[in-house]
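Novice: generate coordinates for the sequence data below:
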Amino acid sequence: MEKVDGLNKETVVPSIQQNRPAGKKHGKNTPFLGFRNLLSVSETDTRYRGWLVRRVCCVLFVSGRKVYPSPASSRLDKVCQSNRVQEALTAEHKAPDGGGSQGQLIRLSPYLPLIKTCISPGLLRFVGWVLLKIFGSMLWSIQVNLNHVEALHTASQQGSQLVYVYMRQSIMDSALIPLVLFCHNLRVPYTLCPLQINSSWIRSVLQKLGVVLLPRNALTEQDTEMDSLYSPVMTSLILELLHEGQAISVGVSWESGQGGQWLACIRQFIKEGSVPDVSLVPVGVTYDCIPKTNTQVGLSSFLWCLCSLLWRRPQGAVRIHLAQPFSLKEMCETGRCRVDGWRPLQDLLLPKILNNRADTVFGQRMMTWLLPSHYVPELIHPDQTERDLSIALILHLIYSAAACKAVMSTSLVSSLLLHKHRKGVCVSALCRDVAWLTEEVLFRNKDVGFGGSLVEVVYHSLMLLTPHLSIAAISSRKDPFIAPHPSLAATLSLSLHAQIVIHTFITEAVGACAVSAMLHEVASSGVSGSIRSDEVEDEQVKGDMEFAVVLCQSELNERVLQLCHLLPPGFMPPCQSSQSFALDAVDSLVRCGILIMEEIPREFPICDSWKKDHLSWTTSDDQYHSDSDCEEPDLRSYKLSQPTQCPEMLFFFCSLLAGHLRTLCWTTEGLELLNTPLPEAQCVAQIHSHLCDTANKNKRHYESCSKEAARIAVRTLIDLGVLLEEQQSRNIFLSPLFQLAENRQKLYRFISQYIYS
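Specialist: Numbers count the residues shown, from 1 in each chain. Next comes the predicted model:
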């Protein structure tokens with residue numbers, strides 16, 4: 001935003017602070033509604049009362065929590081003598097001659113601390129008290145739904161072993177989930193945490209709290225997974241933990257699938273009969289302010305973070321949703337994870353991209369990279385069916401963990417500033433949009449993680465997002481002007497906050513981009529027109545394009561089908577067919593009022609079945625049979641609900657996916673700069689550098705140049721057959737088909753048609 005005389009941040013921040021309530025007051029104004037603030041511990045949470053109790057109530061509360069001890073005395077021998085570990089040691093032939101079991105222990109020495117991980121009751125209570133104090137200095141509240149906790153208590157009383165699954169966002173996730181369970185007298189899980197801790201005493205403390213860390217000699221999680229012994233040891237350890245009746249907490253990365261291999265192991269245990277059953281619990285952790293953390297923690301960095309947390313003012317809140325537990329065995333036996341419709345992405349889209357074929361190939365996109373073969377070698381079968389079912393389970397849990405996350409006020413404000421008011425907006429107009437967007441979120445049965453009056457909510461969000469905003473005000477007006485700061489760090493932070501809004505409106509976003517692509521095709525033709533089916537005569541309307549533009553349902557569904565295959569994992573419901581998703585996307589635009597459905601005229605009324613020439617019947621044993629299968633398909637078309645002006649809601653929904661699609665376009669443009677073949681990590685790094693250079697050159701669209709976006713773009717192009725991956729060296733090189741500039745241009749045009757700009 002350009003600097004204007006008399007407009008600066010210093011003149012408006014005091015006005016925001018005057019209108020904004022204090023953080024704790026803002027939390028207290030929120031109705032109870034079955035939620036509990038974990039940081040609000042009082043004497044009512046203890047069995048005692050009195051003046052002294054009020055001052056030590058947190059200590060009494062922690063000491064009264066139920067703890068399930070977990071000794072690791074006999075676990076070491078069971079894991080080391082397991083068939084998986086013994087077979088891995090035999091295959092390596094690294095045991096010293098004559099060393100016997102002693103040589104095996106030397107080879108397993110880096111993994112012995114992992115196997116000896118346990119839960120010490122006394123240390124757990126002390127660290128629980130410390131965490132409550134630390135989080136109390138960081139956050140205003142940690143909200144937990146008591147109804148969700150009650151469901152977990154019921155499942156635990158019935159003997160179910162709980163496995164908690166969450167999407168990786170921050171190291172705080174690994175601490176918040178065990179803390180919530182500890183404070184509600186639930187079994188504290190063993191946390192599979194991909195952390196590299198350098199300090200010996202920090203590793204020792206965490207390993208006595210049930211945190212399974214990376215081996216000491218491992219630099220990254222990727223390096224550890226390439227070790228031939230790591231996977232067998234961890235698989236055997238997880239099996240022994242389940243045999244002991246322990247709970248487990250697993251974090252899964254949505255852009256790489258890391259962490260999903262342990263879910264595949266648990267599914268394999270149930271299939272083999274080693275474990276009777278487990279109950280999976282998707283967990284959604286949502287932050288007002290997403291903390292910045294690192295996966296490598298040393299002693300100096302730990303002490304610095306601790307001191308900074310103790311001296312900072314509380315900022316933001318956290319909402320934790322513990323979803324309904326469900327049986328993994330029942331899920332597998334009932335066939336909810338179906339892979340019969342999976343097809344490679346290049347089969348789904350390449351005929352349309354290169355040859356412009358009109359016939360649509362139906363199916364769902366295969367994402368085999370979510371469970372690479374080097375993760376869990378014993379799960380790979382010749383027919384790949386078991387591996388595909390495990391990938392379907394990973395996709396289901398990624399989507400479920402994302403779907404149960406609450407929408408925070410900072411997410412709403414960030415999405416509005418990025419996708420609707422990129423050039424800025426007055427606070428009064430922003431309040432109206434926040435009210436509208438909140439209603440739309442609640443209408444979709446999505447939980448919101450805030451409460452209070454509208455003005456309080458907006459000013460609360462603006463204060464938390466102040467480092468990423470340009471704020472200006474005029475002394476004669478009390479309505480500040482807000483705009484997102486045009487920098488890489490600010491845009492990426494706002495984009496990260498807005499991700500949950502994209503998940504909430506994904507069907508509307510896909511449908512809106514399909515409508516935009518069809519309107520762009522009409523506009524590029526140079527004349528106004530109508531897009532109808534073959535049964536209706538074409539007509540041309542003179543004048544402006546926005547008058548009398550009719551969208552054919554079949555073509556609109558086809559555009560949605562093509563676009564949904566480009567979505568990252570976790571956005572499209574895994575148990576829903578792509579055809580059903582396309583229909584929902586179009587119907588969602590009708591419900592929003594963006595499109596108006598009209599029936600194409602017929603020669604006779606649709607209800608007059610006597611005049612139909614023929615009826616198409618289906619067999620009674622067809623699993624997709626319905627009473628309407630004997631009828632002819634309805635001929636429908638759609639019009640924009642506001643033909644004289646562009647609907648703002650349509651453009652807002654289009655903008656939600658623009659960042660992801662623009663990343664794919666920029667990556668396509670940068671393919672000629674790749675010096676292939678090269679490893680995937682270097683390929684992602686070069687693409688990320690190209691994305692940043694392109695954004696800096698344009699000085700906008702920084703949300704399209706994150707490292708996660710680059711990794712997803714590379715994976716999408718590999719699935720599409722644009723980039724090829726060698727099986728042995730695992731190097732990536734450009735496909736000969738797309739070494740031709742003409743084909744790369746076709747790919748660019750196909751993706752860019754969905755981008756509204």
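Novice: can we go C-alpha only for contacts and neighbour counts from here?
Specialist: Will do.
Novice: centroid-nearest residue for this structure?
Specialist: When the chain is reduced to its mean C-alpha position, the closest residue under Cα atoms, centre = their mean turns out to be Ala402, at 5.0 Å.
Novice: need phi/psi at Met572.
Specialist: phi -90, psi 130 (degrees, to the nearest 10).
Novice: how close does it sit to Ser554?
Specialist: Applying Cα to Cα, to the nearest Å, one obtains 20 Å for the distance of Met572 from Ser554.
Novice: more neighbours: which of these two?
Specialist: In this view Met572 and Ser554 are compared by other Cα atoms under 10 Å, and Met572 has more residues nearby, 21 against 13.
Novice: contacts only, for the more buried one.
Specialist: The neighbourhood of Met572, defined by Cα atoms under 8 Å, 6 or more residues apart in numbering, consists of 399, 506, 564, 581.
Novice: any idea which element the residue nearest to the centre of the chain lies in?
Specialist: Secondary structure assignment for Ala402, by DSSP states H and E: helix 385-403.
Novice: please name every helix or strand in contact with that helix.
Specialist: Helix 385-403 makes packing contacts with strand 162-167, helix 260-272, strand 279-287, helix 499-504 when contacts are defined by 3 or more Cα pairs under 8 Å, 6 or more residues apart in numbering; DSSP states H and E.
Novice: tell me the strands beside the third one, with direction?
Specialist: The strands that strand 279-287 pairs with in its sheet are strand 162-167 (parallel), strand 317-322 (antiparallel), strand 326-327 (antiparallel) (by DSSP bridges).
Novice: now do the helices in the stretch 51-200 of the chain.
Specialist: For the stretch 51-200 of the chain, helices defined by DSSP state H, counting those that start in this stretch occupy the ranges 51-55, 57-63, 75-80, 83-92, 101-108, 112-115, 121-138, 146-157, 171-183, 200-207.
Novice: Leu454 is nearest to which of those?
Specialist: Set against Leu454 and scored by Cα to Cα, the helices of the stretch 51-200 of the chain come closest in helix 121-138, at 24.2 Å.
Novice: where in the stretch 301-450 of the chain is pLDDT low?
Specialist: For the stretch 301-450 of the chain, the stretches flagged by pLDDT under 70 are 301-314, 358-361, 373-383.
Novice: same check on the chain?
Specialist: Scanning the chain with the threshold set as pLDDT under 70 gives 1-33, 93-103, 292-314, 358-361, 373-383, 475-476, 525-548, 599-635, 642-646, 757.
Novice: domains in it, by residue range?
Specialist: 9-30+412-503, 37-333, 505-604+632-652, 657-752 (automatic domain parsing).
Novice: quick one: which of these is nearest Gln384?
Specialist: Of all these, the one in closest proximity to Gln384, counting by Cα to Cα, is domain 37-333 (13.1 Å).
Novice: quick one: terminal-to-terminal distance for that closest one?
Specialist: End residues of domain 37-333 are separated by 39 Å (Cα to Cα).
Novice: now the terminal residues of stretch 211-226, how far apart.
Specialist: With Cα to Cα as the measure, the ends of stretch 211-226 fall 21 Å from one another.
Novice: got a list of contacts for it?
Specialist: Outside stretch 211-226, the residues touching it (Cα under 8 Å, 6+ apart) are 110-111, 114, 117, 190-198, 203, 206-207, 230-231, 374-375.
Novice: check stretch 578-594 too.
Specialist: Outside of stretch 578-594, the residues within contact range by Cα under 8 Å, 6+ apart are 362-364, 507-508, 510-512, 556-558, 560-561, 564, 572, 595-597, 640-642, 647, 649-650.
Novice: report the buried residues of that stretch.
Specialist: 578-579, 581-590, 593-594 (16 or more other Cα atoms under 10 Å).
Novice: so which of these belong to helices?
Specialist: 578-579, 581-590 (DSSP state H).
Novice: let me have the residues you listed in a markdown table, extended by distance to Asp277.
Specialist: Rendered in a markdown table, the data for those read as follows (distance: Cα to Cα, whole Å):
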| residue | distance to Asp277 |
| --- | --- |
| Ser578 | 31 |
| Gln579 | 33 |
| Phe581 | 31 |
| Ala582 | 35 |
| Leu583 | 36 |
| Asp584 | 34 |
| Ala585 | 36 |
| Val586 | 39 |
| Asp587 | 39 |
| Ser588 | 38 |
| Leu589 | 41 |
| Val590 | 43 |
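Novice: what about the contacts of Met572, which one has the most neighbours?
Specialist: Tallying neighbours with other Cα under 10 Å puts Cys564 at the head of the contacts of Met572, with 23 neighbours.
Novice: my guess is it contacts Ala509, does it?
Specialist: No. Counting by Cα atoms under 8 Å, Ala509 is not a contact partner of Cys564; they are 10.2 Å apart.
Novice: could you pull out the strands for the stretch 501-650 of the chain?
Specialist: With DSSP state E, counting those that start in this stretch as the criterion, the stretch 501-650 of the chain has strands at 550-552, 595-599, 636-640.
Novice: given the first one, what are its sheet partners and their directions?
Specialist: Strand 550-552 has the following sheet partners, assigned by DSSP bridges: strand 636-640 (antiparallel).
Novice: off-centre distance for the strand it pairs with?
Specialist: Taking Cα atoms, centre = their mean, to the nearest Å, one finds strand 636-640 lying 33 Å from the centre of the chain it belongs to.
Novice: cool, stretch 401-414 as well?
Specialist: Using Cα atoms, centre = their mean, the distance between the centre of stretch 401-414 and that of its chain works out at 11 Å.
Novice: next one: Val144 from His321, what distance?
Specialist: With distances taken as Cα to Cα, Val144 is found 7 Å from His321.
Novice: ok, back up a step: farthest pair in the buried residues of stretch 578-594?
Specialist: Between all members of these, the longest pairwise span (Cα to Cα) is found for Ser578 and Gly593 and amounts to 23.2 Å.
Novice: what is the neighbour count of the closest residue to Ile506 other than its chain neighbours?
Specialist: Once its chain neighbours are removed from consideration, Ile506 has its nearest residue in Phe571; the separation is 6.9 Å (Cα to Cα, 6 or more residues apart in numbering). Phe571 is surrounded by 21 other residues when neighbours are defined as other Cα under 10 Å.
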